[in-house]
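Peer 1: quick one: sequence and predicted model below, then my questions.
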Amino acid sequence: MDIVDVVEDKLKVDEITDSVSSPSCGAVSIFVGTTRNNFEGKQVVRLEYEAYYPMAKKKMLEVCASIRSQWDVENIAMIHRIGVVPVKEASIVIAISSPHRKESLEAVQYAIETVKAIVPVWKKEIYADDSASWKKNKE
Amino acid sequence: MDIVDVVEDKLKVDEITDSVSSPSCGAVSIFVGTTRNNFEGKQVVRLEYEAYYPMAKKKMLEVCASIRSQWDVENIAMIHRIGVVPVKEASIVIAISSPHRKESLEAVQYAIETVKAIVPVWKKEIYADDSASWKKNKE
Amino acid sequence: MVKLLFFAKSKEIVGQKFMNLNFPKSTTRNHILKYIVKEIPELEQISNSILLSLNEEYLDQDCPLTLKAGDELAIIPPISGG
Amino acid sequence: MVKLLFFAKSKEIVGQKFMNLNFPKSTTRNHILKYIVKEIPELEQISNSILLSLNEEYLDQDCPLTLKAGDELAIIPPISGG
């Protein structure tokens, strides 16, 4: 099962973990991206995310397909939060279950790298001095 | 901060994730070990774990120290559940926060491998036919 | 008429979320980009860093392509999700 | 008197969680193991697969060591946590 979504609400790690766990699996590996309070010495007060909704979901499903072509995993969930994300809260949760631990551990690492490379979502950092900057993921 | 514990209650991934997340971190990587319903074709009805409590905690703290000598991570939580763990529920949750994602992703993989190798905890599988077997982690 | 979507910095520059434009029917990725910059000159400043998508697929290469009514183009500034 | 703890399979075999035993004071890991098997012959069946710990540290090597009153030895069958 592949679950992908782009939502405006606070992400719940418990619920997302439960949504992928399976009686035939021994492992769930999870990555949670959270908002940092600083960037190159500047204080970040909040992040604002926006997405090209349908294309973002389409690209996340492509990441799921690519994972399945490489690893034996059971369920995949990728939920990206958009809108304002306060410091310390999660902007993305990726959870993957697999019968054995190696597969989901490797897959979750690949998943976040690939999401950052191809899913059309944008992040703007707003600093304490009211300045702001659209970010760019590193290659 | 290193949080290690051996508990008899159901593990709450949300709470453990919150306990490690930090305003200066952009990532939390989490591994959840769950109970599988099968082993070599036999139906597993439940697992029973036991631990050498004080030594288990001591060895988990050693794993934390070893992680910190290798990666720049912020907070580490390792909670092992013992007693009866029903199918699909978590026997262990390891959560690690880091300023950048690479560190916690690599560290969580190392953490579960090392916990499985050195922390004195034992698992007994109980099968549908009432037989049972003490397990042994692979090298 | 083709719908052209703006996101992030391009949306801020243009001041709107989308625009309906009449593109030449037979074209390429590079011609589309030139046409957009001619129609909306404010976008020139970011034209080197953006990608284009057509119906939710990146236009990576400059191959010939045919636009039809109802197609959805989008300007994709450098992404920063995750 | 030294406290000897049993876990998992060794606990099932012995039928109790711990035992107080008088070990020779100057000894080695291998002597301790032989002594345990002599005192509790049922443990012979698993003696090749177990580790020993002294005060919560694995005894990996067969070096000389000195036991004192209050020390805690444990029989560590193959572990299976996680």
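Peer 2: The structure has been received and is ready for your questions.

Peer 1: spatially central residue in chain A, please.
Peer 2: The residue lying closest to the centre of chain A (CA atoms, centre = their mean) is A:Ile92, at 3.1 Å.

Peer 1: if that residue is in a bridge, with which residues?
Peer 2: Residues in a beta bridge with A:Ile92, per DSSP bridges, are A:Gly33, A:His80.

Peer 1: confidence score at it?
Peer 2: For A:Ile92, the pLDDT comes out at 98.

Peer 1: same question, C:Phe18
Peer 2: 97.

Peer 1: and the residue of chain A closest to chain D?
Peer 2: Closest to chain D within chain A is A:Arg101: 8.0 Å, counting by CB to the nearest CB. Where you see a C-beta, it was placed from the backbone N, CA and C, and this is true even at glycine.

Peer 1: what sits up against stretch A:101-114?
Peer 2: Stretch A:101-114 has contacts (CB atoms under 8 Å, 6 or more residues apart in numbering or on different chains) with A:26-31, A:33, A:63, A:66-67, A:70-73, A:76, A:78, A:92, A:94-98, B:29, B:31, B:33, B:101, B:105, B:108-109, B:112, C:82.

Peer 1: going along the chain, name the strands of the chain.
Peer 2: As the question left the chain open, I've gone with chain A. A:2-7, A:27-34, A:38-39, A:42-51, A:76-81, A:83-86, A:90-98, A:121-127, A:132-134 (DSSP state E).

Peer 1: meant chain C, my bad for not saying
Peer 2: Secondary structure of chain C by DSSP E: the strands cover C:2-6, C:18-21, C:26-28, C:51-54, C:57-58, C:64-66, C:72-76.

Peer 1: what's the mean pLDDT across the third one?
Peer 2: Over the span of strand C:26-28, the pLDDT mean works out to 95.

Peer 1: buried stuff in that strand?
Peer 2: Going by neighbour count (16 or more other CB atoms under 10 Å in any protein chain shown), the buried part of strand C:26-28 is C:Thr27.

Peer 1: quick one: contacts of that strand?
Peer 2: C:35, C:62-67.

Peer 1: residues contacting A:Lys57?
Peer 2: Neighbours of A:Lys57 in contact, by CB under 8 Å, 6+ apart: A:4-6.

Peer 1: redo the residues you listed as JSON lines? Include pLDDT and distance to chain D.
Peer 2: Converted to JSON lines, these look like this (pLDDT from 0 to 100; distance: CB to the nearest CB, whole Å):
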{"residue": "A:Val4", "pLDDT": "98", "distance to chain D": "29"}
{"residue": "A:Asp5", "pLDDT": "98", "distance to chain D": "30"}
{"residue": "A:Val6", "pLDDT": "98", "distance to chain D": "34"}
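
Peer 1: of the residues you listed, buried ones?
Peer 2: Listed as buried from the contacts of A:Lys57 are A:4, A:6; burial here means 16+ other CB under 10 Å.

Peer 1: near C:Ile40, how many other residues are there?
Peer 2: By other CB atoms under 10 Å in any protein chain shown, the residues close to C:Ile40 number 18.

Peer 1: skipping its backbone neighbours, what lies nearest whichever residue of chain A sits closest to chain C in space?
Peer 2: Going by CB to the nearest CB, chain C is nearest to A:Val121 of chain A, at 2.8 Å. Residue nearest to A:Val121 in three dimensions, not counting chain neighbours: C:Gly81, with 2.8 Å by CB to CB, 6 or more residues apart in numbering or on different chains.

Peer 1: tell me how many other residues crowd that neighbour.
Peer 2: If we define neighbours as other CB under 10 Å, then C:Gly81 has 27 of them.
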